[in-house]
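> Fold the following, please.
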Amino acid sequence: MQSMNLNPINGPNPGQSLARRDYRGVASSQPSSAQQLQTSAANTLLAASGPAPSLPNPMAVPFNANVPSNKSPASVFGGVATAPKLVTRPPTEQKLPYGVPAPTAAGPEPNNNAPRAVQPTMPPTAQRPPLWQPGVAAMPANSIMQSALGNSQGFMPPPLPASQNVPSQQQQLPAPGMFGAQQQQHGNAPLQYQAQNVQQQPLSVAQQGFSRLWGQDTIDLMQNRHILSPATIAPPKVVLHNQFHESINCSGSIIRCTLAKIPESNSLLQKSRLPLGIVIHPFRDVNSLPVIQCVNIVRCRLCRTYINPFVYFVDSKMWKCNLCYRVNELPEDFQFDPATKTYGDVTRRPEVRSSTIEFIAPSEYMLRPPQPAMYLFLFDVSIIAQQSGYLETACSVLNRHLDEMPGDARTQVGFLCYDSFVHFYSMAEGLNQPHEMTLLDIDDPFLPRPDSLLVNLKECKELVRDLLKQLPKRFAHTHDPGSALGAALQVAFKLMQASGGRITVFQSCLPNKGPGALEAREDPNNRSAKDVAHLNPATDFYKRFALECSGYQIAVDLFLMNQQYSDMATISGVSKHSGGCVHHFPLFQKTKQHMVDSFKQCFKRYLTRKIGFEAVMRLRCTRGLQVHTFHGNFFVRSTDLLSLPNVNPDAGYGMQISYEESLTDVKTICFQAALLYTNSEGERRIRVHTICLPVTASLPEVMHSADSEAIIGLLSKMAVDRSTASNLSDARDAFINATIDVFNAFKIAQNLPSGQSGQLIAPRSLALLPLYILALLKHPAFRVGTSTRLDDRVFAMDSMKTLPLDQLMKYIYPELYKIDALVYHVRNSNISLTQDEDYDDDELLPEMQRLQLSAEHLDSRSIFLMDCGTLIMLYVGLNVPTDVLEALLGIRSTAELPDYVYGLPNVVSAESDALKRFMLRLNYDKPYPPLVQIIRQA
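Have a look, this model is predicted:
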């Protein structure tokens, strides 16, 4: 042990026009009444061997080929874009003493006597030969993709082979490990479902109109190359035949189901070849979130469901649970209206008028007093870290936003640095400057002064600021190549285990000293190989450490600022299993200003966003359904309880749903997600989201209700687990076969003739599925044949598992816009965008149409904007008119653009102001402003 002092150093309504303007000024289409989907074929195709664990399991295993035939491998939440309005700003809470709002009129009761569609008998589920026969060489993934999806330029899949269109008893079911390979036993296919050679007659205009009105229109993907809607794609509308329930259903930005109509049985789900599951964003920033404080939180006595808008009130004193159907008593105070001081209608309570609500939990929801906000920062100070210069930027941002970190008067902070040794910083009472202590024995780490390493931020703020200013200078001239990450984590755990909290780790190289030391596994010459190795951790040290942290309510977040291979597949386990998050800034250098700016924005968001401590989340389903597999960063404490030591508003999760019994006698089903957490002010709260979906017995209705985006969000998570459990080639084949199975199932469901060349009929709801699948196959997470660093691939896979759906879709398939319409609108408008600030932005900006990502849309005379989520790129053609270049970029020729340009120039013009406004619209729901890069045509 060495000691030294640090001396100071210098929804549109029915009948509304199909095209409308959304909150970003982008044209959007009226969502169809049925648009969500699930693939049982997709479930099995990406399924890993072995049944889902019934005991606590730290790792979710999504692909299960041995799921019983009466259980569906995935489940989906279809949501409606209704209240509450969601933004990324901190929520403005309106606390209600007893949670009773002003009375409003209730909507009509659901029609329980409405006739239901009769499900025809169907043939065996999309029976077809496996990908390859035993003993025959496997067909390359690229060849399969080419035969299945056709010309990549147009992104349109060709017709399926005739052998796959004709269901036959002699054909074999897909091999285990494919989407929807669950074995089923059905009788022979009826004659009307066998292959037909009769030419299908085209629908009349009236028939096409009715099909579109009821959300059951189809499209021939071979005849319609440009299928991407020019509008922003809205979540499919959930139709409950109850206007009140539809208006208050949970927002699609919080919960999305792969199907907007749930099949009544597992066999019907298997015939659709769709995955059943939900993607959820439970801690999303919500504006005007109802917060209720009451003596008794009303819950079902049997299944513990929270009372919600979809329960049935037997009378003013009894209510029937919408999940388990038990009849429960209402407490006396539930009928009391504190606003009028009278006993009133129970349906006026906010619990039954909002599907997203938050309760202030009473003492029975606490195992211990709520913990204070605890933050511990670990900085890598090895020579590679010093060469990158990240420490100076990190300390500067942290110092600037120290007062904005969530917390109260009890908030505590601490700092550790590590190279080949571990450096502690004591800020005890009475010291006028931080005191450094160095631990030399990293194989048996201990705490030299446990009482003064974590200090109260409010009381020791000046010492903390002084330390942050000195740290970059303190290690500026060190040349230690070692990185004892494991030892630093062990002492951090000892420091935090009494209370729990958040550990933030900055790592810049491969850990090579002490516990958890690693060796380089990547072969730089093999980065484009089809067989990608080392996607799994090299050691379980970091996973075991994360599970131990989870038991003490400690989450570990990782910022990887590496200059070289750092084995993210191994060290990221410390975050995956502790409920933490991972941020990656490869090749970071302080001399590259765009990297510095991007890191500053990300780290600022990380420091100032709200946080939930010692959280747990449970998803409850209507009787007959159950959660099959979880996806995300967490620890599974029990079969349906997720342990989240920390929860943040930028984390998303996925769940696959299976059947326990048939839903034949059920009109609707519900999913309810309950998140119990401690906020930064030490208040225990429960956030509850409830979504209601209709049940159908019609296979065509199931397929027309598919939600392509939710399906892609779930399949991408399943594919990541398949890649690590098996290999990347299996995951790529699974994507392709899932697509083939879905369209084959739709052909059978619609009794479409087979053997016709030049046709591929798809429901409108699934028209974009091949396009998204192709985008996934080209994504860094799953691509082959292109040089991809292993750490970059692993981070891309981690992002697939944890990003909320809205951010994930931009990450998979960016949005492309042509800026010409914006420029011409401004010039033809009488409104000056730089002066008339009182106008609504919808009046100032035109309807911007999305373009399909194809080179044929690019024009040398135009400027294009592509929104990739964390990056916005402006593509400038060679022949853009000079006046447009001057108005937007302040240049007269594209030759004046350097090779690397980041940031939008400050040009005073109406066109430039309009472009900035449009980009603000695009960034409205993003966690932080993305980097802007300008690219000129070569």
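
> Can you pull the domain assignment for this protein?
291-353, 374-516+537-609, 815-830+844-936 (the TED database).

> What number of residues are in the vicinity of residue 325?
When neighbours are counted by other C-beta atoms under 10 Å, residue 325 registers 14. C-beta coordinates here come from the backbone N, C-alpha and C atoms, glycine included.

> err, residue 699, not the other one
Residue 699: 22 neighbours (other C-beta under 10 Å).

> how near is it to residue 914?
For residue 699, the distance to residue 914 equals 48 Å [C-beta to C-beta, to the nearest Å].

> Just say which of the domains of the chain is most tucked in.
Ranked by mean neighbour count, the domains of the chain are led by domain 374-516+537-609 with a mean of 20 (mean count of other C-beta atoms under 10 Å).

> Quick one: mean pLDDT over it.
For domain 374-516+537-609, mean pLDDT rounds to 94.

> now do stretch 788-796
96.

> Can you tell me what sits against that stretch?
521-522, 527-528, 532, 534-535, 560, 562, 565-569, 572, 582, 584, 586, 779-781 (C-beta atoms under 8 Å, 6 or more residues apart in numbering).

> CA atoms only: put that stretch into PDB for me.
Listed next in PDB are the C-alpha coordinates belonging to stretch 788-796 (Å, rounded to 0.1, in the frame of the first residue of the first chain):
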ATOM      1  CA  THR A 788     -16.400  -6.600 -39.100                       C
ATOM      2  CA  ARG A 789     -14.500  -6.200 -35.900                       C
ATOM      3  CA  LEU A 790     -15.600  -8.700 -33.300                       C
ATOM      4  CA  ASP A 791     -16.200  -6.100 -30.600                       C
ATOM      5  CA  ASP A 792     -18.400  -4.100 -33.100                       C
ATOM      6  CA  ARG A 793     -20.400  -7.200 -33.900                       C
ATOM      7  CA  VAL A 794     -20.900  -8.100 -30.200                       C
ATOM      8  CA  PHE A 795     -22.000  -4.500 -29.400                       C
ATOM      9  CA  ALA A 796     -24.500  -4.600 -32.300                       C
END
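
> So, low pLDDT: which residues of the stretch 201-350 of the chain?
201-215, 231-232, 337-342 (pLDDT under 70).

> What segments of it are strands?
Remark: strands assigned in the stretch 201-350 of the chain by DSSP state E, counting those that start in this stretch are 218-220, 255-257, 262-263, 277-280, 290-292, 312-315, 318-320, 327-329, 336-337, 342-343.

> Out of those, flag the one nearest residue 475.
Of all the strands of the stretch 201-350 of the chain, strand 277-280 sits nearest to residue 475, with 42.1 Å by C-beta to C-beta.

> So what are the sheet partners of the closest one and their directions?
Taking DSSP bridges as the criterion, strand 277-280 sits next to strand 255-257 (antiparallel), strand 653-659 (antiparallel) in its sheet.

> got those strands as TSV, with distance to residue 829 columns?
Below are these laid out as TSV (distance: least, C-beta to C-beta, whole Å):
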stretch	distance to residue 829
strand 255-257	36
strand 653-659	44
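
> Just name the most buried of those strands.
Counting by mean count of other C-beta under 10 Å, the most buried of the strands paired with strand 277-280 turns out to be strand 255-257, with a mean of 33.

> residue at max distance from the center of the chain?
residue 430 (47.2 Å; C-alpha atoms, centre = their mean).

> ok, it to residue 453 distance?
From residue 430 to residue 453 the distance is 15 Å (C-beta to C-beta).

> now do residue 578
Distance from residue 578 to residue 453, by C-beta to C-beta: 21 Å.

> Quick check: chain neighbours aside, which residue is closest to residue 714?
residue 277 (4.4 Å; C-beta to C-beta, 6 or more residues apart in numbering).

> Verify the assumption that residue 432 is located in a helix.
No: according to DSSP: H, G, I helix; E, B strand; the rest coil, residue 432 belongs to no helix; its state is coil.

> my guess is residue 657 meets residue 280, correct?
No: the pair residue 657 / residue 280 is not scored as a contact, 11.9 Å apart, by C-beta atoms under 8 Å.

> hmm, back to that, show me the one of the domains of the chain that comes nearest residue 618.
Here domain 291-353 is closest among the domains of the chain (C-beta to C-beta), at 8.6 Å.

> Okay, now the closest one: how far is its last residue from its first?
Using C-alpha to C-alpha, to the nearest Å, one end of domain 291-353 lies 13 Å from the other.

> From the chain's centroid, how far away is it?
32 Å (C-alpha atoms, centre = their mean, to the nearest Å).

> Got the phi and psi for residue 541?
Per-residue torsions, residue 541: phi -60, psi -50 (degrees, to the nearest 10).

> Now do the longest helix that the chain contains, average pLDDT.
Secondary structure of the chain per DSSP state H: the longest helix is helix 728-749. The pLDDT scores in helix 728-749 average 94.

> and whichever helix or strand comes after that helix, how far from the chain's centre?
Proceeding C-terminally, helix 728-749 gives way to strand 761-763 as the next helix or strand, assigned by DSSP states H and E. With C-alpha atoms, centre = their mean as the basis, strand 761-763 stands 27 Å off its chain's centre.
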